[in-house]
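Engineer: Pasting the sequence and the predicted model now:
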Amino acid sequence: MDTHGYRETLTINEGVMGNDKPMVTVREFWYSPQLGINLLSIVDSPQSGKQVFTAKDVSISEPDLSFFAIPAGYKVVDHRNENSTPTN
């Protein structure tokens, strides 16, 4: 699967935030245009530590239709064609 990766590095010079040495934040992303999501996101900063978000078990097949079934006891009400004026 094609992905596009990029990395951003931000350095806060010493003394700017009361720090005695430079603070470096690195953000890295690997984006899949086919899926429209980041498959991997890494943020490493002195303020929040290292965070890694990974998409796992990704399937590009059609989802099972049962995921979209109306639960028992519920009904669908379509309000799109109502001619009423909303009140404020």
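Structural biologist: In hand now; what should we look at?

Engineer: low pLDDT regions in the chain?
Structural biologist: When the per-residue scores of the chain are filtered using pLDDT under 70, the ranges that remain are 84-88.

Engineer: let's see it at 80
Structural biologist: Under the criterion of pLDDT under 80, the regions of the chain flagged as low confidence span 81-88.

Engineer: mind listing the strands for it?
Structural biologist: With DSSP state E applied, the chain shows strands at 4-12, 23-32, 37-45, 49-54, listed in chain order.

Engineer: Roughly how far does P71 sit from V77?
Structural biologist: Using CB to CB, to the nearest Å, one gets 14 Å for the distance from P71 to V77. All C-beta atoms are positioned from the backbone trio N, CA, C, and that covers glycine.

Engineer: ok, now S45?
Structural biologist: Counting by CB to CB - S45 and V77 are separated by 47 Å.

Engineer: Kindly report the same for S41.
Structural biologist: Computed with CB to CB, the distance linking S41 and V77 is 38 Å.

Engineer: Comparing the two, which shows the higher neighbour count?
Structural biologist: Set side by side, S41 and V77 show unequal neighbour counts under other CB atoms under 10 Å, the larger going to S41 at 16 against 6.

Engineer: you'd agree the more buried one is up against S32?
Structural biologist: No: distance between S41 and S32: 11.9 Å, which falls outside the contact criterion (CB atoms under 8 Å).

Engineer: Which residues are in contact with each of the two?
Structural biologist: Overlap between the contact sets of S41 and S32, as judged by CB atoms under 8 Å, 6 or more residues apart in numbering, is nil.

Engineer: With adjacent residues omitted, what lies nearest to F53?
Structural biologist: If the residues on either side of it in the chain are set aside, F53 comes closest to S41, at 4.3 Å by CB to CB, 6 or more residues apart in numbering.

Engineer: again, but for E8
Structural biologist: Nearest residue to E8 in three dimensions, chain neighbours excluded: R27, at 4.6 Å (CB to CB, 6+ apart).

Engineer: Name whatever forms a beta bridge with that neighbour.
Structural biologist: On the basis of DSSP bridges, R27 is bridged to E8, V43.
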